[in-house]
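Chemist: using only what follows, build the 3D model:
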Amino acid sequence: MRRGLKSVHTVYDKCTRQLGLTTAEFKAVTEDKYQMIKFLIDRFPNYQSYIVEQLGP
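Modeler: Residues are numbered from 1 along each chain as shown. Predicted coordinates for the structure are as follows:
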């Protein structure tokens with residue numbers, strides 16, 4: 001189901017604005033699991049154990 005999205009760029013736009021990243025930074029974070037974990041922990045330190053539980057090795 002497309003949910004009314006015109007393109008993947010709509011997703012990138014929403015994610016980058018909400019997370020304060022450029023499109024290139026967003027792509028880099030999503031391509032490297034450990035970079036993603038670090039980014040999320042830096043951004044949401046109170047949820048570190050949950051982030052590691054969900055995404056960890």
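
Chemist: any weak-confidence spans in this structure?
Modeler: Within the chain, the segments meeting pLDDT under 70 span 1-8.

Chemist: now do the helices in it.
Modeler: Under the criterion DSSP state H, the chain carries helices at the ranges 8-19, 23-31, 33-43, 48-55.

Chemist: I'd like those helices as a markdown table, with mean neighbour count appended.
Modeler: For the C-beta atoms, the positions are set from N, CA and C on the backbone; glycine is no exception. What follows is the helices of the chain, written out as a markdown table (neighbours: other Cβ atoms under 10 Å):
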| stretch | mean neighbour count |
| --- | --- |
| helix 8-19 | 12 |
| helix 23-31 | 14 |
| helix 33-43 | 14 |
| helix 48-55 | 12 |
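
Chemist: ok, residue 33 - contacts?
Modeler: Applying Cβ atoms under 8 Å, 6 or more residues apart in numbering, we find residue 33 in contact with residue 55.

Chemist: and it, how far from residue 10?
Modeler: 24 Å (Cβ to Cβ, to the nearest Å).

Chemist: again with residue 57
Modeler: Here residue 57 is placed at a distance of 32 Å from residue 10 (Cβ to Cβ).

Chemist: how about residue 50?
Modeler: Separation of residue 50 from residue 10 (Cβ to Cβ) stands at 27 Å.

Chemist: same question, residue 39
Modeler: As defined by Cβ to Cβ, residue 39 lies at a distance of 21 Å from residue 10.
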